[in-house]
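[1] here's a sequence, model it:
(chains A and B)
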Amino acid sequence: MEDLNKHVNTVNTLLARYGVRFGIYKNGEFKEQLFPFDPIPRVIEADEFRYLEKGLAQRVTALNMFLADIYGEKKILKDGIIPEDFVYSSSGYLAECEGIMPPKGVYSHISGIDLVKGKDGEWYILEDNLRIPSGASYPLIARDLCRKASPHTFINNHIEDNRDYAILLKDTMDHVNTGGINVIFTPGRYNAAFFEHSYLAEKTGSVLADANDLEVVGDYLYYKGYGGQRMKVGAVYRRVSDEYMDPMTFVPDSVIGVPHIFEVYKKGNVALLNAPGNGVADDKGIYYFVPKMISYYLGETAILKNAPTYLPIYEEDMNYVMENFHKLVIKDVAEAGGYGVVFGDSMGSEALEAFKETVRKEPRRFICQEVIDFMDLPILEGAETVERKADLRAFVLTGSDVHVWKSGLTRFSRNPDSFIVNSSQGGGFKDTWVLSR
Amino acid sequence: MGIISIEKANNLFWLGRYSQRVYITLKGYYNGYDEMLDKNGLAYRTYCEAMNIPDVYGSKENFIANYPYDTENPDSIISNLYRAFDNALVMRDYISTEAMAFIQLALFDMKNARGSDAPLIALQNTVDHLLAFWGCIDEKVDDVETRNLIKLGKTVEQLDIILRMKENKANIKRSFDRMNSYMRHTDISYDEAGYYALAYEITRDTVDCEKALDILMNIFYI
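    Prediction:
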């Protein structure tokens, strides 16, 4: 591994060469940044990965069943497992999706599940991302470059090859394709994850398209050729969020959506990956109920634990939250990307009291969690190795079966005092090695 | 890839144009620099006039120091390279990450060359990476239509600059023929009457370069 560390600058230079960046908007201005790569990988032993694999597959299976149920029979609500208003007041719930069964019944084709490993050795799920989770492309390209920079590292360690991600993704698209080409639908060049959209299009042999390239004619979606030809689209891995996807159904002034695409989807004439309306299942509030879903749909105990979570809408939880505010992390359920996260111990007494009042007034808006003292991972800082907080985004692809990718995106905080690992907040990334034995 | 959208055809065409513009203007910069070393210190003015670039430089020293690198000036070489890069970046799935990376490298080279005490040598890396980009397009892009659209852009740009520079008839004819060969193998829409007018102009004994350029600028619907 030391050999790989020597090549850190080379690998980062190559990442820059290949345009591996992410975009951020700051003060209304778009800026692209390199995503700093740290060569010391997160290593997951084969046995440990088998455990994670089982737990992640279980979780995603239950979440898919939940989505089918919520937009279908709603048994879980009728049986009182999850309070109704919790579902219907979720910003991710889309009434327009009621009664729609996506092709092959899959809702969350590409799931990004965020986990951390506690200092107690236990893995905890932090959140589920079932809408448009990004990040797989970074360890994918980094692995390729690391193998070139330090072949001996890969000869001497038994590491599962993660470069099958594009094949898995293509298989996932092909499985639900209704007849036609596969398209990756991007909001465009100025989206934060544009690198990933274009890279995955190249690697899966899909066509990268924005709204101008697509049109609905009759009951079908087509990719428009410049010579007047059209090609039918059978599957769309869309990286445009639900609300902007179709101005005829959702936000009417969206200029990045394709008019009537939702109608085509509704008629079963195109697959949308991930399905619209998935936000109801990855709502930070619904997260609390995932272990109950697993038990309800699968009759099993959740293999992977949630971080201990409190919902202030419940009186008992509200009381606990008020008494222990200073040691909890409070998350705004409507926010993402590390925003809307406040640590009780970071607030002065006045701010803390004011925030408590906000939680009292808007209990549905927040979830409160115990701060998981998660493991630090070593990172290179110049010639030194220092310890930083890191999480893992595992990718679960659901097609003909549920497949947990033998890798993942490990993000770390570059700030020694921070638990926030998001790239948009200055974090870096590592490769995730799953050992084959 | 099978099918190319209007927007992507546009990107491919302009990728070809801008990358070729950078290549030719760098060559022009080399020649002009060399000429100004020991004789015509005002050669850059003739160049600016021919290229329809406002002479904002005022002196050959200023031209030499800024024409390649000034990101604030839309006519600088680096501004055109940025445009090539913007078109390459969105076409990764058509032209490959490898080919796109050569435009990225050319951009890095040009930034690094600024302030060099031997700019002609420092800029050689940009030229090399542009040539590598063209080689990579031939090597990595299997789709003929994609290649032809980029090369059509490239040859249109070459003809454009050759006409601006009022080069000799043989060079003009050669550039026109090259453009023609790619144009015939794409589905690009063009003004047929304009095309024949250009072909006629170029076959005349004395080519009216301004007139030919004027026609060329309005032929393609892209």
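
[2] do the lowest-mean-pLDDT helix or strand in chain A and chain B meet at all?
    When each helix and strand of chain A is scored by mean pLDDT, DSSP states H and E, strand A:21-26 comes last, with a mean of 82. No. Strand A:21-26 does not reach chain B (C-beta under 8 Å from any C-beta of the partner chain); its nearest approach is 9.6 Å. (Glycine included, C-beta is placed from N, CA and C.)

[3] mind giving me the packing neighbours of that strand?
    strand A:29-34, helix A:194-204 (3 or more C-beta pairs under 8 Å, 6 or more residues apart in numbering or on different chains; DSSP states H and E).

[4] which of these is buried the deepest?
    Among those, helix A:194-204 has the highest mean neighbour count (mean count of other C-beta atoms under 10 Å in any protein chain shown), at a mean of 24.

[5] now for that one, which elements pack on it?
    strand A:21-26, helix A:137-149, helix A:165-176, strand A:181-185, strand A:207-209, helix B:92-95.

[6] from residue A:147, how far off is residue A:196?
    In this view, residue A:196 and residue A:147 are 20 Å apart by C-beta to C-beta, to the nearest Å.

[7] show residues contacting the helix or strand harbouring residue B:213.
    Per DSSP states H and E, residue B:213 falls inside helix B:209-216. Residues from elsewhere that reach helix B:209-216, judged by C-beta atoms under 8 Å, 6 or more residues apart in numbering or on different chains: B:156, B:159, B:160, B:163, B:164, B:166, B:172, B:194, B:197, B:198, B:201, B:202.

[8] nearest to chain A: which residue in chain B?
    Closest contact between chain B and chain A, by C-beta to the nearest C-beta, is at residue B:187 (3.1 Å).

[9] so that residue, which of the three states?
    Of the three states, residue B:187 takes coil under DSSP: H, G, I helix; E, B strand; the rest coil.

[10] apart from its neighbours in sequence, what residue is nearest it?
    Closest residue to residue B:187 apart from its sequence neighbours, by C-beta to C-beta, 6 or more residues apart in numbering or on different chains: residue A:227 at 3.1 Å.

[11] do the same with residue B:119
    residue B:113 (5.9 Å).

[12] which residues are in contact with that neighbour?
    Applying C-beta under 8 Å, 6+ apart to residue B:113 gives the contacts B:68, B:69, B:119, B:122, B:123, B:125, B:126.

[13] can you show me the helices along chain B?
    With helices called from DSSP state H, chain B shows them at B:6-38, B:43-51, B:60-66, B:77-89, B:92-95, B:97-113, B:119-122, B:124-140, B:144-164, B:169-183, B:192-203, B:209-216.

[14] against residue A:286, how distant is the residue of chain B most remote from its centre?
    Centroid-distance maximum for chain B: residue B:38 at 27.9 Å, with C-alpha atoms, centre = their mean. Remark: distance between residue B:38 and residue A:286 (C-beta to C-beta) = 77 Å.

[15] got a pLDDT number for residue A:1?
    According to the prediction, residue A:1 has pLDDT 68.

[16] count of residues packed around residue A:135?
    22 (other C-beta atoms under 10 Å in any protein chain shown).

[17] ok, it to residue A:411 distance?
    For residue A:135 relative to residue A:411 (C-beta to C-beta), the value is 8 Å.

[18] okay, and the common contacts of the two?
    A:393, A:429.

[19] report the buried residues of the longest strand along chain A.
    Using DSSP state E, we find that the single longest strand of chain A is strand A:384-398. Residues of strand A:384-398 classed as buried: A:388, A:389, A:390, A:391, A:392, A:393, A:394, A:395, A:396, A:397, A:398 (neighbour count, 16 or more other C-beta atoms under 10 Å in any protein chain shown).

[20] thinking again about what came up before, dump the helices of chain B to CSV, plus mean pLDDT.
    Shown next, in CSV, are the helices of chain B (pLDDT from 0 to 100):
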stretch, mean pLDDT
helix B:6-38, 93
helix B:43-51, 89
helix B:60-66, 90
helix B:77-89, 97
helix B:92-95, 96
helix B:97-113, 96
helix B:119-122, 88
helix B:124-140, 97
helix B:144-164, 96
helix B:169-183, 95
helix B:192-203, 94
helix B:209-216, 96
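
[21] where are the low-confidence patches of chain A?
    Scanning chain A for pLDDT under 70 picks out A:1, A:336-338, A:423-425.

[22] one more time with 80, if that's ok
    Applying pLDDT under 80 to chain A flags the ranges A:1-2, A:26-28, A:334-339, A:418-426.

[23] mind saving the C-alpha coords of stretch B:38-54 as PDB?
    Output of stretch B:38-54 as PDB, limited to C-alpha atoms (Å, rounded to 0.1, in the frame of the first residue of the first chain):
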ATOM      1  CA  ASP B  38      14.300  40.900 -36.200                       C
ATOM      2  CA  LYS B  39      12.200  42.800 -38.700                       C
ATOM      3  CA  ASN B  40       8.600  43.700 -38.900                       C
ATOM      4  CA  GLY B  41       7.500  44.700 -35.500                       C
ATOM      5  CA  LEU B  42       4.100  45.600 -36.700                       C
ATOM      6  CA  ALA B  43       3.400  42.200 -38.300                       C
ATOM      7  CA  TYR B  44       0.900  41.400 -35.500                       C
ATOM      8  CA  ARG B  45      -1.300  44.300 -36.700                       C
ATOM      9  CA  THR B  46      -1.600  42.700 -40.100                       C
ATOM     10  CA  TYR B  47      -2.400  39.500 -38.400                       C
ATOM     11  CA  CYS B  48      -5.100  41.000 -36.200                       C
ATOM     12  CA  GLU B  49      -6.700  42.700 -39.200                       C
ATOM     13  CA  ALA B  50      -6.800  39.600 -41.300                       C
ATOM     14  CA  MET B  51      -8.300  37.600 -38.400                       C
ATOM     15  CA  ASN B  52     -10.700  40.400 -37.600                       C
ATOM     16  CA  ILE B  53      -9.400  40.700 -34.100                       C
ATOM     17  CA  PRO B  54      -9.500  44.200 -32.500                       C
END
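
[24] list the buried residues for that stretch?
    By neighbour count with 16+ other C-beta under 10 Å, stretch B:38-54 contains the buried residues B:43, B:44, B:47, B:48, B:51, B:53.

[25] give me the number of residues near the residue of the stretch 201-350 of chain A found nearest chain B?
    Closest approach between the stretch 201-350 of chain A and chain B, counting by C-beta to the nearest C-beta: residue A:227, at 3.1 Å. For residue A:227, the neighbour count with other C-beta under 10 Å is 14.

[26] surely it is in a strand?
    No. Checked against three-state DSSP, residue A:227 lies outside a strand; its state is coil.

[27] I'd say it and residue B:149 touch.
    No. With contact defined as C-beta atoms under 8 Å, residue A:227 does not reach residue B:149; the gap is 10.9 Å.

[28] domains in the chain, by residue range?
    Just going to use chain A. In terms of domains, chain A is parsed into A:2-300+A:374-434, A:308-370 (source: automatic domain parsing).

[29] you answered for a different chain; I wanted chain B.
    Chain B breaks down by automatic domain parsing into domains covering B:1-142, B:155-222.
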